[in-house]
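J.: starting from these lines, generate the structure:
(chains A and B)
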Amino acid sequence: MPTYNPKVIEPRWQRYWEEHKTFKTPDDSPKPKLYILDMFPYPSGAGLHVGHPEGYTATDILCRYKRMRGYNVLHPMGWDAFGLPAEQYAIQTGTHPAVTTQQNIETFRRQIKMLGFSYDWDREINTTDPAYFKWTQWIFLELYDTWYDKEQGRGRPIRELPIPPEIQAQGNDAVRAYQDSKRLAYMAEVPVNWCPALGTVLANEEVIDGRSERGNHPVVRMPLKQWMLRITDYAERLLADLETVQWPHAIKEMQRNWIGRSVGAEVDFALAPPAGPATIRVFTTRPDTLFGATYLVLAPEHPLVDAVTTPAHRATVTAYKNQAATKSDFERTELAKTKTGVFTGAYAVNPVNGAKIPIWIADYVLGSYGTGAIMAVPAHDERDFEFARQFRLPIVPVVLPPETWLKHSRVGGIVASLAAGDVPQLSRENVSHPQPHLPTVSQFEYKVMTAAHRVWDECGGDTTRILQRLYGDHVEWFGCFVDEGTAINSGPFDGLSTAEFKTKVTAWLAEHGKGASKVNYKLRDWLFSRQRYWGEPFPILHEVDATGKRTGNIAVLSLDELPLTLPELEDYQPTGKPEPPLSKAKDWLTVVRDGKRYVRETNTMPQWAGSCWYYLRYLDPKNDQAFCDPAKLKKWLPIDLYVGGAEHAVLHLLYSRFWHKVLYDRGHVPCPEPFLRLVNQGMILGEMEYTAFQKISGGAVPPGLVSAEQVDFDGDVAVHKKTAAKLMLIKLDEDQVEKKGDAFVLKEDPSIRVDARAYKMSKSRGNVINPDQVVDQYGADSLRLYEMFMGPLEAVKPWSMRGVEGVFRFLNRVWRLMIDERAENMRLLDAVQDVEPDKETLQLLHHTIKKVTDDIEALAFNTAISAMMELANHLTRQTVRPRSVLKTFVLLLSPFAPHVAEELWQVLNGFREGTLAYEPWPSYDESLLKSDTLQVPVQINGKLRAVVTVPADCDKEKLEKAALADTKIRGLLEGKTIRRIVVVPAKLVNVVTD
RNA sequence: GCCGAAGUGGCGGAAUGGCAGACGCGCUGGACUCAAAAUCCAGUGUCCUCACGGACGUGUGGGUUCAAGUCCCACCUUCGGCACCA
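T.: Numbers count the residues shown, from 1 in each chain, chains lettered A, B, ... in the order given. Coordinates of the predicted model:
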């Protein structure tokens, strides 16, 4: 009984493709190239998630389609296999991470192969393979060997770095130190997340709300010598080149925000006597507000803090500094609802007006951004405003807001009502006789009105002018104004617009040697080392003296010493000190070279390292002479389409682009951007869940159900809004609820609203769909088809097992369209005949070819599948099914459901041996897309009233005539005056009447 | 708070400014069957009507247009990202 049985046909075709190397990609094909890439997975112990095949299926469909269109398609897969979970497992069980990793890769590979993706498996890579990370280490050394020439705007070899004569004069060590200070890879003391309870340093992603993810222990910041990559040097190009790539707008925007470019000025404030000759340099994006700077703030870690602090304030300043240093970033931000800070006792001189202003320190100023110091302009900066109010510092307005802003302010409202005479007890006339305790007028309103009245006549009763006066005199009434306006209280600059002011004052500052324009970025240099075992070792040696102390000199391994592999360790337990586990490998650690003693770098590279360049290695995965043959790079780059999850929107993509640009500058890759076009697949959520809330008896609320609108619910914990009592969650079945209005309610009691939503899949929630089970039950073709049929690729969408069943039924229907299920062996139905299709069928077929072709090109797979369903439904109704039509249909289906398509293709072609993977893609005949007659809707005043059938080539006049001739339309137009008739040929007729 | 995306039947979703709801799920009825499953056929936005037919309908309010789910303005909600970046 040859019924549709994916369990038999899928493994068979997978074996066929593998044995025949059907999808092996030649490097020397004359066909046009396409490089279509999936973000490679981290092979976790949990196995493949249904989210993975979403993007993989999309690209696979496109690849299969493009091959049939005559392209030479490169479509590889590999493993991003360094990372924490394998190491955690090693700590717990003693199993070497390489073993765990290998097992996980086996599982992932089996699962991915079971889905029938057309990868060229000969190009498979693994970031933990020494033959791979040899080149990761090599690239690191290239970064180490590169400095950024700001004049030329590109990275250059360190030997080309010009050495200033005064450095040269100080000897070799000075030269080396100078070079080291310019390298793209450099060492610096930076704070890390040290967890004393776990005795280890944690990655940022292991720290949640200032505590360790495992065990919930406190995490403190501790300075540690780390490798850093100077990505900030590339900030400008990373930003600018976003213009050249076809990425989703949102992702570009996220990268722009992350880079965070802002243009402003650095301004030098001299210290007021007696503090000394030093100046404090601040960064501001609003040099136009310089006249409003009423105090300076230094970050607590600013190097000049100790120097400026006066003896009388030293104790409080030191205490504040210590407090700020031990606080985690989390505490500094989240807990700092109110601003804190202390006065240093010192004063600075405002360079534009000579005003003496106090210098404070406060942790709302970050040491790591700009110069670590700011000029505070409380009238025009929210944070400064808040701080100034708290510490009663002066607020001077220097930007006059536009009229509309003033009128919409609280003061504007009061002045308006005063002008309109809406305050009977307090009209313009009697406001001059103080009556401060009128019941309907607040103290504040009274103050405003009195002040307004005082300037009323002077301003000619003009409310705008009154408000402008009040703003100048009482800015604190108006609050903070941060937008652009007109300069006031700014001496010679008064009356200038914000933009003009900025230009002029920056020029003035430069002229007087007190400042210069400056661009700053939020982007920080990339912390590139981890205190971990399971990562790439750095190919770096630190020279040590006789006592074992580092001399500060660094040597690098040469290419023939690479790869530097990880030492075997007996235990993977953290050292208990902030020292990486590699420091335990004593034999591995020490190296003697040319009579000098060295210790190896014990940090390892972060997981990003391997994924930063993997797309290059696919092009030449087995090369042991170079990371890739330049000819192959030239042939295949850039990547035509890159598909993956939006969780990599910022870091992975930014880091890869950075490495790529460095390699480009050093002449190793031929193009400045790696990923020409990027598409993010949307997340797949679990099945829809319905939740009711029940009070817990004995609590603050009596037992019973609570309607959802009275509940604060985050998906895990529900709290009664009024009583703050915790509520119990009750999972409901779909048929216990119904829709009422725009919400779901309980069928039994429609007054009880129910929460309905789909959640992110997670082990703890128990809503994870395992692809193995889906394939076991319905087959890979159904899984692939369903993942594409769910909705647009980019959209977030909930899983539905019934939906899988729906596409499975479709594949069964396709099968039965041609296969005689009642026969003993595989054979075609008698209905399948070598006849010419009728016109309707032919037209539908060509319509479907066009639709599927266009939709694949647009990655709109869901609608392509709908179109094929419609064709299948049509053919099901036909008693005679032309073989030619079925053959075309199977080719259309093949990128989506390749196994069943191959099987049916065989039968349709008389069991001829071979694959359809390189059959030419069906083409359509334009002339068959149009039918002879058209159904054209006829509207009266925009409302559909009739449909008329006309010849396809019906012109405007004939169409209008046909519409008006329609009996129904005639009846409805009876006695009406026709004012206008809109005729859109082949589309519609709209009759406009009175 | 800031930036971005999205709101259409019971559900997933479809619609170059031109017949809203294609296709699928679910549901209802029918055929087949001793029966069930599977399959096939028909129906299925809401309300009014025996029916013919009609009214309403794409988060809310306004606007542009002969015509708006689609364009413009304001707002609401949900999701994602960032968050003292001067």
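J.: what number of residues lie near A:G645?
T.: Each residue near A:G645 was counted by other CB atoms under 10 Å, and the total is 17. Bear in mind the C-beta positions are built from the backbone N, C-alpha and C, glycine included.
J.: does it touch A:M683 like I think?
T.: Yes. Using CB atoms under 8 Å, A:G645 is in contact with A:M683, at 7.3 Å.
J.: intersection of neighbour lists for these two?
T.: Residues touching both A:G645 and A:M683 (CB atoms under 8 Å, 6 or more residues apart in numbering): A:G51.
J.: now do the same for A:P985: its pLDDT.
T.: Listed pLDDT for A:P985 reads 83.
J.: state the phi and psi torsions of it.
T.: phi -50, psi 140 (degrees, to the nearest 10).
J.: do A:D953 as well
T.: phi -90, psi 20.
J.: up against RNA strand B, what does the stretch 201-350 of chain A have?
T.: Neighbours of RNA strand B within the stretch 201-350 of chain A, by CB under 7 Å from any atom of the strand: A:249-250, A:253-254, A:257-258, A:260, A:262, A:264, A:283-286, A:299, A:332-333, A:336, A:339.
J.: oops, could you answer that again for the stretch 701-850 of chain A instead?
T.: So far as CB under 7 Å from any atom of the strand goes, the stretch 701-850 of chain A lies against RNA strand B at A:739, A:760, A:789-792, A:795-798, A:800, A:802-803, A:805-807, A:809-810, A:812-813.
J.: can you list which of the residues you listed are found in helices?
T.: A:789, A:802-803, A:805-807, A:809-810, A:812-813 (DSSP state H).
J.: is any residue of stretch A:5-12 near RNA strand B?
T.: No. Counting by CB under 7 Å from any atom of the strand, RNA strand B has no neighbours in stretch A:5-12; the shortest distance is 13.3 Å.
J.: could you pull out the buried residues of that stretch?
T.: Neighbour counts over stretch A:5-12 (16 or more other CB atoms under 10 Å) mark A:6, A:9-10 as buried.
J.: in the stretch 101-250 of chain A, what residue comes closest to RNA strand B?
T.: A:A250 (3.0 Å; CB to the nearest atom of the strand).
J.: over to the stretch 751-900 of chain A?
T.: For the stretch 751-900 of chain A, CB to the nearest atom of the strand, closest residue to RNA strand B: A:G806, 2.6 Å.
J.: tell me who's in contact with that residue.
T.: Contacts for A:G806 were tallied using CB under 8 Å, 6+ apart; they are A:786, A:789.
J.: quick check, pLDDT for it.
T.: So, for A:G806, pLDDT stands at 95.
J.: also A:L426?
T.: 58.
J.: please see if stretch A:527-537 touches RNA strand B.
T.: No. For stretch A:527-537, no contact with RNA strand B is found by CB under 7 Å from any atom of the strand; the gap never falls below 13.8 Å.
J.: what's the distance between the strand or helix carrying A:D772 and the middle of its chain?
T.: A:D772 belongs to helix A:771-778 when assigned by DSSP states H and E. On the basis of CA atoms, centre = their mean, to the nearest Å, helix A:771-778 sits 31 Å off its chain's mean C-alpha point.
J.: can you dump the C-alpha atoms of it in PDB for me?
T.: What follows is helix A:771-778, C-alpha atoms only, in PDB (Å, rounded to 0.1, in the frame of the first residue of the first chain):
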ATOM      1  CA  PRO A 771      11.600  18.800  16.300                       C
ATOM      2  CA  ASP A 772      12.500  15.100  16.600                       C
ATOM      3  CA  GLN A 773       8.900  14.400  17.700                       C
ATOM      4  CA  VAL A 774       7.400  16.500  15.000                       C
ATOM      5  CA  VAL A 775       9.500  14.700  12.300                       C
ATOM      6  CA  ASP A 776       8.700  11.300  13.800                       C
ATOM      7  CA  GLN A 777       4.900  12.000  13.600                       C
ATOM      8  CA  TYR A 778       4.600  14.100  10.400                       C
END
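J.: other SSEs contacting that helix?
T.: Applying 3 or more CB pairs under 8 Å, 6 or more residues apart in numbering; DSSP states H and E, we find helix A:771-778 packed against helix A:6-19, helix A:780-789, helix A:801-818.
J.: now the ones you listed in JSON lines, with distance to A:P920?
T.: JSON lines is the format used below for the helices and strands packed on helix A:771-778 (distance: least, CB to CB, whole Å):
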{"stretch": "helix A:6-19", "distance to A:P920": "19"}
{"stretch": "helix A:780-789", "distance to A:P920": "22"}
{"stretch": "helix A:801-818", "distance to A:P920": "21"}
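J.: may I see the buried residues of the helix holding A:D772?
T.: Under 16+ other CB under 10 Å, the buried positions of helix A:771-778 are A:771, A:774-775, A:778.
J.: by how many degrees do that helix and helix A:6-19 diverge?
T.: Here the directions of helix A:771-778 and helix A:6-19 differ by 120 degrees (axes from the mean of the first three to the mean of the last three CA atoms, to 10 degrees).
J.: so helix A:771-778 versus helix A:780-789, what angle?
T.: Going by the same axes, to 10 degrees, helix A:771-778 is angled at 110 degrees with respect to helix A:780-789.
J.: show residues contacting helix A:771-778.
T.: A:6-7, A:10, A:47-50, A:52-53, A:111, A:114-115, A:782-783, A:804-805, A:808.
J.: residues making contact with stretch A:626-638?
T.: A:27, A:33, A:35, A:74, A:135, A:138-139, A:613, A:616-617, A:619-620, A:623, A:668-671, A:673-676.
J.: okay, now the closest residue to RNA strand B within the stretch 1-150 of chain A: neighbour count?
T.: Residue of the stretch 1-150 of chain A nearest RNA strand B, by CB to the nearest atom of the strand: A:T3 (9.1 Å). A:T3 is flanked by 10 other residues according to other CB under 10 Å.
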